[in-house]
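> following is a predicted model, sequence given first.
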Amino acid sequence: MERQRHIVVLLPHPDDEGIIAGTLARHIHNGTPVTYVCLTLGEMGRNMGNPPFANRVTLPIIRKQELEEACRRIGIQDVRMWGYHDKTIEFEDQEKLADRIERLISELEPSLIYTFYPGYSVHPDHDATGAAVIRAVKRIPAHKRPTVHCIAIATGREKLLGQPDSVHDVSEYVEQKIHAIHAHQSQVQHLLGKGTLDDPIFREKYSREPFWEYRFNE
Amino acid sequence: MQLIQSESVQRVLQTLQDRPLYLHLEMTTGAYASHRDKSKITASAFISNAVIRYSHGTIAGQGPYRVGLKTPEGWVYAEGLTHWDENEPNRLIMAGHDQQGRLIVSLQLSVEPF
């Protein structure tokens, strides 16, 4: 993994960064600055615990704290919460959203962006976030564009998109990654199930992070 | 949140009647229902901070509970409510959770917007 000038990560929900936490930790270890924009606070999440430790009103407050802790554990120093409402990214004015992303790109001049692959990311907020990033990056002249590496989680993603363009081996960072995912106490059961790093299959699963590079065919 | 005590909820429903209130009403299968099981459809609906006023509000059932609020023009209805937050002055926060603690349904009323 090459050292980058600056990396920008755009994802809609606190805990989405867990999917690529190993990659981000490795970049940070290499000295690349990382800015993470989390578009919502996941306020429509439904994991409240049994007995419930949160309600609809307190959940976003809890998830904000969890996000901050997860970022500390990964080493991300610049976290920006954009305050959109969970589930509504696709209903926002798409031009305005792309404008905001474009301003972010001109401020930080990233060489690499991580986001979700539009159309292959299951949750409408994932797809809409990826689509807004692509819309913003497309406006930039081709020779000045940052590379966009996408996360795809759709079933049968290899059949649909082909093999990933890169698969990062993050086995050296897998403890840190799982520790960061555990910062999302309200969601961890849904994220990791009962798996632990003592299980070699679990360890292997979380040690590899595949990415698909977005091709701007123009 | 605590398990619903229907008499206590009924008392709060009475104190909130006949005044403008902000309503949050929601039902969800979870965003990944279809992703996890192709035979299922991911479905959800919510309305947040709709302004309503009801003349008559009742909690019914033995748990999970139902709540019906009679408004001048129609009804607000929710079924499957299991929990509420008893320490919330000027608002009533109720939800239904499954065995894993996942929210299925919620009905919230407040004097102030959520």
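Yep, it's here. Numbering: from 1, shown residues only, chains lettered A, B, ... in the order given.

> okay, strands next: where are they in the chain?
In the absence of a named chain, this looks at chain A. All strands of chain A, identified by DSSP state E, fall at A:7-11, A:34-40, A:78-84, A:112-116, A:147-151, A:166-169, A:208-213.

> let's do chain B instead
Shown for chain B, the strands assigned by DSSP E span residues B:2-3, B:21-28, B:44-52, B:56-60, B:65-70, B:75-81, B:83-84, B:91-97, B:103-110.

> could you export those as a markdown table, including mean neighbour count?
Any C-beta I mention is one placed from the backbone N, CA and C, and that applies to glycine too. Conversion of the strands of chain B to a markdown table gives the following (neighbours: other C-beta atoms under 10 Å in any protein chain shown):
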| stretch | mean neighbour count |
| --- | --- |
| strand B:2-3 | 12 |
| strand B:21-28 | 19 |
| strand B:44-52 | 13 |
| strand B:56-60 | 17 |
| strand B:65-70 | 19 |
| strand B:75-81 | 17 |
| strand B:83-84 | 24 |
| strand B:91-97 | 22 |
| strand B:103-110 | 23 |
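
> circling back to that earlier point, reformat the strands of chain A as TSV; add mean neighbour count and distance to chain B.
TSV is the format used below for these (neighbours: other C-beta atoms under 10 Å in any protein chain shown; distance: least, C-beta to the nearest C-beta, whole Å):
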stretch	mean neighbour count	distance to chain B
strand A:7-11	25	14
strand A:34-40	24	12
strand A:78-84	16	14
strand A:112-116	25	13
strand A:147-151	22	15
strand A:166-169	14	22
strand A:208-213	18	18
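
> indicate which one of the ones you listed is closest to residue A:101.
Of all these, strand A:7-11 sits nearest to residue A:101, with 6.8 Å by C-beta to C-beta.

> output the strands of chain A as CSV; include the columns mean pLDDT.
Below are those laid out as CSV (pLDDT from 0 to 100):
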stretch, mean pLDDT
strand A:7-11, 98
strand A:34-40, 98
strand A:78-84, 98
strand A:112-116, 98
strand A:147-151, 98
strand A:166-169, 97
strand A:208-213, 98
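
> reformat the ones you listed as a markdown table; add distance to residue B:107.
Supplementary listing: these in a markdown table, determined by distance: least, C-beta to C-beta, whole Å:
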| stretch | distance to residue B:107 |
| --- | --- |
| strand A:7-11 | 31 |
| strand A:34-40 | 22 |
| strand A:78-84 | 24 |
| strand A:112-116 | 32 |
| strand A:147-151 | 35 |
| strand A:166-169 | 45 |
| strand A:208-213 | 40 |
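
> tell me where chain A has helices.
Assigned by DSSP state H, the helices in chain A fall at A:21-29, A:59-74, A:94-108, A:124-138, A:157-161, A:174-182, A:188-192, A:200-205.

> ok and the residue in chain B nearest chain A?
Proximity to chain A, evaluated over chain B using C-beta to the nearest C-beta, is greatest for residue B:101 at 3.5 Å.

> give me every residue that touches the closest residue in space to that residue that isn't next to it in sequence.
Spatial nearest neighbour of residue B:101, chain neighbours left out: residue A:50 (3.5 Å); criterion: C-beta to C-beta, 6 or more residues apart in numbering or on different chains. Residues near residue A:50 by C-beta atoms under 8 Å, 6 or more residues apart in numbering or on different chains: B:97, B:99-101.

> same question for residue B:3.
Going by C-beta under 8 Å, 6+ apart, the list of residues near residue B:3 reads B:63, B:82-83.

> check the gap between it and residue B:67 for me.
Relative to residue B:67, residue B:3 is positioned 15 Å away (C-beta to C-beta, to the nearest Å).

> can I get the buried part of the contacts of residue A:50 as one ChimeraX selection?
Selection of the buried residues among those in ChimeraX, burial being defined by 16 or more other C-beta atoms under 10 Å in any protein chain shown:
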select /B:97,101
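
> ok, of the contacts of residue A:50, which one's closest to residue A:44?
If you rank those by distance to residue A:44 using C-beta to C-beta, residue B:97 comes first, at 14.5 Å.

> the closest one contacts residue A:54, correct?
No: if you go by C-beta atoms under 8 Å, residue B:97 and residue A:54 don't touch, sitting 10.6 Å apart.

> who touches both of those two?
The contact sets of residue B:97 and residue A:54 overlap at residue A:48 (C-beta under 8 Å, 6+ apart).

> burial count for residue A:188?
By other C-beta atoms under 10 Å in any protein chain shown, the residues close to residue A:188 number 17.

> that one contacts residue A:182, doesn't it?
Yes: assessed by C-beta under 8 Å, residue A:188 is found in contact with residue A:182 at 5.5 Å.

> show the pLDDT at residue 15.
Using chain A. pLDDT recorded at residue A:15 is 97.

> meant chain B actually
95.

> who touches the closest residue to residue A:18 other than its chain neighbours in this structure?
Among residues not flanking residue A:18 along the chain, residue A:181 sits closest, at 4.1 Å (C-beta to C-beta, 6+ apart). The contact partners of residue A:181, by C-beta under 8 Å, 6+ apart, come to A:15, A:18, A:21, A:70, A:188, A:191-192.
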